[in-house]
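Trainee: Here is a sequence with its predicted model. Questions after.
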Amino acid sequence: MRIPEILTPERCALLVVDIQERLMPVINHRDEVVKNAALLIKAAKTLKMEILATTQYTARIGELLPEIQAELAGLTPLDKMHFSCFANPAIQGRIKAIPPPVNTLIICGVETHICIYQTVAGALRDGYRVVVPADAVSSRTVKNHKLGLARLRELGAVVASTEMVIYELLGEAGTPAFKELLPFLK
């Protein structure tokens, strides 16, 4: 049995994929995905992790949702036409520019079976460890979401929950970061 590497803030970056205005109304469990993605952003900021965000063809699908933009506090998302963030040279370059010791990407957003799946495959090919909070990703249909999660596991991504990821990153109770995030975890 392989012993898993524990998530630590200094080894992780958060990638927020395509949580956009014209796409989210048709996403299954939309409110849960938005809430958990916002919570992951809040945790990443609190823990001083690198955060990247993307949009898919903004001219057609719109900007990031206002609640996601608010959490990103001025961070400009990188726009793409590719489904995989790793197929877009600018985004792939931005991810690769994150300095060591970051070796793990926590990926949230939509759609599980398209952009998330293809981005995870690209990240794994490029040697990153990948964690996908299952309750912070979704698709238009439950079937595609479930198939996407199954495929992510087959590829070797860790599929967890938002709360599992955040508590693992925190590591212990009583710290300033824990106290700051606790009201949002209740």
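Mentor: Sure, I can see it.
Trainee: For stretch 63-80, buried residues please.
Mentor: For stretch 63-80, a neighbour-count test (16 or more other C-beta atoms under 10 Å) marks 64-65, 68-69, 71-72, 75, 77-80 as buried. From N, CA and C alone the C-beta is placed, and that goes for glycine too.
Trainee: Just the terminal-to-terminal distance for it.
Mentor: End-to-end distance for stretch 63-80, by C-alpha to C-alpha, to the nearest Å: 12 Å.
Trainee: what do you get for stretch 94-102?
Mentor: Note: stretch 94-102 ends 13 Å apart using C-alpha to C-alpha.
Trainee: what about it, distance to the chain center?
Mentor: With C-alpha atoms, centre = their mean, to the nearest Å as the basis, stretch 94-102 stands 16 Å off its chain's centre.
Trainee: And it, what's buried?
Mentor: 94-95, 98, 102.
Trainee: could the residues you listed go into CSV alongside distance to Cys108?
Mentor: Formatted as CSV, these follow (distance: C-beta to C-beta, whole Å):
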residue, distance to Cys108
Arg94, 17
Ile95, 15
Ile98, 17
Val102, 17
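Trainee: Tell me where this protein has helices.
Mentor: 30-46, 58-61, 66-72, 89-96, 117-125, 142-155, 162-170, 176-185 (DSSP state H).
Trainee: So, low pLDDT: which residues of this protein?
Mentor: For the chain, applying pLDDT under 70 flags the ranges 1-3.
Trainee: let's go with 90 and repeat that
Mentor: 1-5, 74, 186 (pLDDT under 90).
Trainee: Nearest to Ala134 among the buried residues of stretch 63-80?
Mentor: Nearest to Ala134 among those is Ile68, at 18.4 Å by C-beta to C-beta.
Trainee: looking at it, the closest one is touching Asp18, isn't it?
Mentor: No - Ile68 sits out of contact with Asp18 when judged by C-beta atoms under 8 Å, with a separation of 10.1 Å.
Trainee: Distance-wise, check Pro176 relative to Leu170.
Mentor: 11 Å (C-beta to C-beta, to the nearest Å).
Trainee: Give me the more crowded residue out of those two.
Mentor: Neighbours were counted for Pro176 and for Leu170 using other C-beta atoms under 10 Å; Leu170 has more, 21 against 8.
Trainee: For Pro4, find the nearest of the helices of the chain.
Mentor: Between Pro4 and the helices of the chain, the tightest spacing by C-beta to C-beta is seen for helix 162-170, at 9.7 Å.
Trainee: Show residues contacting the closest one.
Mentor: 6-9, 12, 36, 39-40, 43, 47, 49, 106, 108, 131, 133, 135-136, 160, 177-178, 181, 185 (C-beta atoms under 8 Å, 6 or more residues apart in numbering).
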